[in-house]
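Enquirer: Mind looking at a prediction? Sequence and model below.
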Amino acid sequence: MGKTRENIETKLTAAFAPLRLEVTDDSDKHKGHSGAREGGESHFSVLIVSEAFRGQTRVARQRAVNAALREELSGPVHALSMQTLTPEEA
């Protein structure tokens with residue numbers, strides 16, 4: 001597991017106490033595209049299931065994830081795809 005992926009998992013776990021968390025490095029699917037770096041860890045997808053999302057809109061959930069990963073999104077991560085669900089939605 002790469003350092004950036006590890007940081008994403010650590011920060012999302014601390015911020016949302018997820019019941020389920022999947023962080024996938026999709027960088028090899030983007031070789032040759034804008035933002036792709038040698039060695040990967042530039043494009044990620046996240047599936048996170050948490051009680052913390054209860055009562056929040058999809059946009060509010062995504063903003064909360066973006067805020068938790070502010071450092072990664074301003075540096076090594078070029079693209080982040082996310083699914084943010086409550087336990088009932090999972």
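Expert: Everything's here; your move. Numbers count the residues shown, from 1 in each chain.
Enquirer: In terms of helices and strands, where is the residue nearest to Arg58 when sequence neighbours are not counted?
Expert: When the adjacent residues along the chain are set aside, Arg58 lies closest to Thr84, with 6.9 Å between them (C-beta to C-beta, 6 or more residues apart in numbering). In this view, the C-beta of every residue, glycine as well, is placed from N, C-alpha and C. Using DSSP states H and E, the element containing Thr84 is strand 79-85.
Enquirer: again, but for Ser45
Expert: Judged by DSSP H and E, Ser45 forms part of strand 43-49.
Enquirer: what comes into contact with whichever helix or strand comes after that strand?
Expert: Moving toward the C-terminus from strand 43-49, the next helix or strand (DSSP H and E) is helix 58-68. Residues outside helix 58-68 that contact it (C-beta atoms under 8 Å, 6 or more residues apart in numbering): 11-12, 14-16, 46, 48, 52-53, 56, 73, 80, 82, 84.
Enquirer: so after the longest helix out of those in the chain, what's the next helix or strand?
Expert: The longest helix of the chain (DSSP state H) is helix 3-16. Once the chain leaves helix 3-16, the next helix or strand it forms, by DSSP H and E, is strand 20-25.
Enquirer: okay, that next one in CSV with CA atoms only?
Expert: Extracted in CSV, the C-alpha atoms of strand 20-25 (Å, rounded to 0.1, in the frame of the first residue of the first chain):
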residue,chain,number,x,y,z
ARG,A,20,-16.9,0.2,5.6
LEU,A,21,-14.1,1.9,3.8
GLU,A,22,-12.5,1.0,0.5
VAL,A,23,-9.8,3.1,-1.0
THR,A,24,-8.7,2.1,-4.5
ASP,A,25,-5.7,3.5,-6.4
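Enquirer: How far away from the center of its chain is that strand?
Expert: 7 Å (C-alpha atoms, centre = their mean, to the nearest Å).
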